[in-house]
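coords please:
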Amino acid sequence: MAKPLSDREIVLGLLMDITEHDVYSHIALGNVLSKYQYLDKQERAFITRVTEGTLEHLIELDYILNQFSKVEVKKMKPVIRNILRSAVYQLKYMDSVPDSAVCNEAVKLAVKKGFAPLKGFVNGVLRSAARGIDAVEYPSGPVEALSIRYSMPEWILKKWLEEYDRETVEMMLADFQKEKPLTIRCNTSRCQPAELEARLEKEGVQAVGHPYLSYACRITGYDYLGDLESFREGLFAVQDVSSMLVGEIADPKPGDYIIDVCAAPGGKSIHLADRLAGTGHVEARDLTEYKTALIRENIDRMGMENISAVQMDASVQDASSVSKADIVIADLPCSGLGVLGKKTDLKYRVTEKQLEELVRLQRSILDVVCSYVKPGGVLIYSTCTINRTENQENVKWFLADHPDFAPEQMKESLCAELQSAVGEDGCLQLLPGVHDSDGFFIARLRKKGSA
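Now for the predicted structure:
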């Protein structure tokens with residue numbers, strides 16, 4: 001029986017959803033791989049690679065196409081534009097696919113989608129690209145060259161080049177484009193790291209410990225996480241090591257009451273509940289029922305009892321929470337520019353205006369949730385971005401506005417490799433490519449007084 005959709009047709013549908021209808025790439029891809037259960041491992045890998053690769057290199061692919069097409073990419077019909085983008089990605093980055101197959105399949109797809117009159121155009125552009133792609137000359141300007149080579153919007157690059165040296169920026173850009181293993185956290189309430197690694201090996205998954213934390217490891221060789229019994233049994237959670245460091249730096253004590261104000265999907269909250277070893281309580285809050293349902297789903301899978309999911313708006317003060325928490329976790333909405341290796345389409349979505357709006361939102365939430373910290377308690381502020389405006393400058397503003405808080409040393413919570421990532425202000429700034437993690441920021445702020 002013929003498959004309902006070809007692999008390339010599925011890729012086209014994904015690219016249309018993501019580039020034309022603003023669906024987030026990780027959500028669109030996850031939904032499709034879950035929906036089309038008839039796909040085998042090789043097909044799923046092809047769809048994932050072409051979709052993610054096309055998005056990762058979008059600016060570069062459009063630049064290349066403009067060298068071989070008389071019609072500018074931005075003026076093409078969206079279906080044709082995305083057929084050509086994914087085809088040029090295969091021509092440039094996938095040697096395993098013959099050029100002739102790339103061209104022929106793209107033409108067939110254009111015809112199938114109702115664009116038979118444009119099949120000659122598609123064929124001509126791709127045949128020309130196949131012959132000349134290696135000879136394409138790239139811009140020489142310092143910002144434009146990086147923008148095309150790494151498909152990063154120029155305004156983001158200019159911002160980073162003001163905050164970091166060029167070598168560091170290039171290390172980050174290169175790291176975003178690398179394929180990496182998945183990082184997971186062992187659920188130590190159910191098994192120990194060595195037991196988890198042995199279990200994964202039995203399931204055909206390669207697991208290697210992470211150098212930063214004993215209970216973190218990286219896995220390869222799996223197809224679909226939901227197929228792994230160890231995952232369904234809650235033996236591990238998908239979580240980057242940078243996110244796990246929030247739990248290390250928060251350093252909860254037995255019996256602590258913890259409020260996580262923007263918790264979905266619950267990784268940090270569940271990690272903190274695990275560290276409490278059945279004592280105390282973690283209140284994992286988020287804005288919508290959809291998000292709190294995600295948290296509950298993960299709580300149930302991981303078998304945690306000292307944690308609850310609560311629907312609540314972090315920007316609106318809850319009078320019953322004032323001075324209630326030993327620890328407040330404020331991992332707030334941010335630009336996400338530290339995790340572009342996983343959510344590559346974010347770089348095309350965020351704007352300078354949105355960045356300003358995010359900073360205002362972050363400050364308004366911090367203003368509210370700091371009141372939930374008991375005297376002598378701790379506020380952890382974290383983001384998955386690398387911009388000073390959302391990170392160090394927010395902490396500087398907060399401390400000036402809230403003199404009852406003071407930054408607290410965190411080096412004792414970190415392994416030797418990360419000691420130098422703590423700045424003079426006492427905050428931790430992890431950078432992709434520089435550190436073996438996502439881009440991430442953490443500040444530990446102690447409220448003056450005693451409980």
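
what distance separates the helix or strand encompassing A101 from the middle of the whole chain?
Using DSSP states H and E, A101 maps to helix 99-112. Relative to its parent chain, helix 99-112 has a centroid offset of 32 Å by C-alpha atoms, centre = their mean, to the nearest Å.

Next: stretch 126-137.
Using C-alpha atoms, centre = their mean, the offset of stretch 126-137 from its chain centre is 33 Å.

Which parts of it count as buried, going by neighbours?
126, 129-130, 133 (16 or more other C-beta atoms under 10 Å). In this view, the C-beta of every residue, glycine as well, is placed from N, C-alpha and C.

can you list the domain ranges for this protein.
7-136, 143-177, 182-238, 241-447 (the TED database).

Comparing those, which stretch has the densest surroundings?
Highest mean neighbour count of the domains of the chain: domain 241-447, a mean of 19 (counted as mean count of other C-beta atoms under 10 Å).

Start and end of that one, how far apart?
Length of domain 241-447, first residue to last, C-alpha to C-alpha, to the nearest Å: 27 Å.

and the longest strand for this structure?
When the chain is parsed with DSSP state E, its longest strand is strand 373-383.

Which strands and helices lie in contact with that one?
helix 241-250, strand 325-331, helix 352-369, helix 392-401, strand 440-447 (3 or more C-beta pairs under 8 Å, 6 or more residues apart in numbering; DSSP states H and E).

As CSV, these with distance to L29 and mean pLDDT would be great.
As requested, these are exported to CSV (distance: least, C-beta to C-beta, whole Å; pLDDT from 0 to 100):
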stretch, distance to L29, mean pLDDT
helix 241-250, 21, 98
strand 325-331, 24, 99
helix 352-369, 23, 97
helix 392-401, 32, 98
strand 440-447, 23, 98
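
Tell me which of the ones you listed approaches L91 most closely.
Of all the helices and strands packed on strand 373-383, helix 352-369 sits nearest to L91, with 33.5 Å by C-beta to C-beta.

would you put the C-alpha positions of the closest one in CSV?
Output of helix 352-369 as CSV, limited to C-alpha atoms (Å, rounded to 0.1, in the frame of the first residue of the first chain):
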residue,chain,number,x,y,z
GLU,A,352,14.2,44.1,18.9
LYS,A,353,10.8,45.5,20.0
GLN,A,354,9.9,42.1,21.5
LEU,A,355,13.2,42.0,23.3
GLU,A,356,12.3,45.3,25.0
GLU,A,357,8.8,44.0,25.8
LEU,A,358,10.4,40.8,27.3
VAL,A,359,12.6,42.9,29.6
ARG,A,360,9.6,44.8,30.9
LEU,A,361,7.7,41.5,31.5
GLN,A,362,10.7,40.0,33.3
ARG,A,363,11.0,43.0,35.6
SER,A,364,7.3,43.1,36.3
ILE,A,365,7.3,39.4,37.3
LEU,A,366,10.4,39.8,39.4
ASP,A,367,8.8,42.8,41.2
VAL,A,368,5.8,40.5,42.1
VAL,A,369,7.4,37.2,43.0
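
what's the angle between it and strand 440-447?
30 degrees (axes from the mean of the first three to the mean of the last three C-alpha atoms, to 10 degrees).

now helix 352-369, how far from the chain's geometric center?
Worked out by C-alpha atoms, centre = their mean, helix 352-369 lies 20 Å from the chain centre.

Show me what the lowest-mean-pLDDT helix or strand in the chain is packed against.
The helix or strand with the lowest mean pLDDT-type score in the chain, counting by mean pLDDT, DSSP states H and E, is helix 25-35 (a mean of 90). Counting contacts by 3+ C-beta pairs under 8 Å, 6+ apart, helix 25-35 is packed against helix 7-20, helix 41-56.

how much does that helix deviate in direction from helix 41-56?
160 degrees.

With only the CA atoms kept, save helix 25-35 in PDB.
C-alpha atoms of helix 25-35 as PDB (Å, rounded to 0.1, in the frame of the first residue of the first chain):
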ATOM      1  CA  SER A  25       9.400  24.000  14.800                       C
ATOM      2  CA  HIS A  26       9.800  21.700  17.800                       C
ATOM      3  CA  ILE A  27       6.000  21.500  18.300                       C
ATOM      4  CA  ALA A  28       5.300  21.000  14.500                       C
ATOM      5  CA  LEU A  29       8.000  18.300  14.200                       C
ATOM      6  CA  GLY A  30       6.900  16.500  17.400                       C
ATOM      7  CA  ASN A  31       3.300  16.500  16.300                       C
ATOM      8  CA  VAL A  32       4.100  15.100  12.800                       C
ATOM      9  CA  LEU A  33       6.400  12.300  14.000                       C
ATOM     10  CA  SER A  34       3.700  11.300  16.500                       C
ATOM     11  CA  LYS A  35       1.000  11.400  13.900                       C
END
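
quick one: contacts of that helix?
Applying C-beta atoms under 8 Å, 6 or more residues apart in numbering, the contact partners of helix 25-35 are 10, 13-14, 17-18, 39, 44, 47-48, 51-52, 55, 224, 226, 342-345.

next one: stretch 274-286
By C-beta under 8 Å, 6+ apart, stretch 274-286 touches 187-189, 247, 252, 254-264, 266, 269-270, 272-273, 292, 295, 299, 302, 304-312, 314, 325-326.
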